[in-house]
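**Q** build me a model:
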Amino acid sequence: QPEEETAPSQADRILSEIRAVNDDIDDPVMSQKIDRIEEITRKIFAYQQQHPDKSGQLRTFLNYYLPTTLKILRAYAQMEEQGVEGANISAAKDRIEGMMDKVVEGFEKQLDQLFANTAMDITADVSVLERMLEKDGLSQKNGRITLEL
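**A** Reported below is the predicted structural model:
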């Protein structure tokens, strides 16, 4: 069996790292936000796997946002591990905690943008179907589709 198949994929490695960093962080609020980041990242990777032709849309996310977020979370875990709340550590942790909502929001928007074209295609399909049903004498009355003669 080729080694590539048994080795964890880049996505699996990143998701494992997010989980490991989260396990190292004691703060329950931060942990909850990291859980959300992991969930969204998992969905983005699933989308990428199903739509490899759309990988270009994810370049900035994969090459900047995700690794930078992990770097910041690793630093947060290290600071938390010190058990000392000096001015520098406190200020840095507060700054990271404050920006995590923006990171979660940014990850959610990235996922939403991946589905923008799909949503437009589906909306167009629904409109065409509605017009066809109307044209062919099919309509929806009282929640049931009926054939108008």
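**Q** so, low pLDDT: which residues of this structure?
**A** Low-confidence segments of the chain, defined by pLDDT under 70, are located at 1-8, 139-149.
**Q** how about the strands in it?
**A** With DSSP state E as the criterion, the chain has strands at 138-141, 144-147.
**Q** so what's the residue count around Ile72?
**A** Counted with other Cβ atoms under 10 Å, residues neighbouring Ile72 total 17. Any C-beta I mention is one placed from the backbone N, CA and C, and that applies to glycine too.
**Q** surely it and Arg95 touch.
**A** No: under the criterion of Cβ atoms under 8 Å, Ile72 lies out of contact with Arg95, with a separation of 9.3 Å.
**Q** contact partners of stretch 18-26?
**A** Residues outside stretch 18-26 that contact it (Cβ atoms under 8 Å, 6 or more residues apart in numbering): 31, 34-35, 37-38, 41, 70, 73-74, 76-77, 80-81.
**Q** got CSV for those residues, with neighbour count and distance to Val103 too?
**A** Output for the contacts of stretch 18-26, formatted as CSV (neighbours: other Cβ atoms under 10 Å; distance: Cβ to Cβ, whole Å):
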residue, neighbour count, distance to Val103
Ser31, 15, 14
Ile34, 24, 10
Asp35, 14, 13
Ile37, 23, 7
Glu38, 19, 12
Thr41, 23, 11
Leu70, 17, 11
Leu73, 24, 9
Arg74, 15, 14
Tyr76, 23, 12
Ala77, 19, 15
Glu80, 17, 17
Glu81, 11, 21
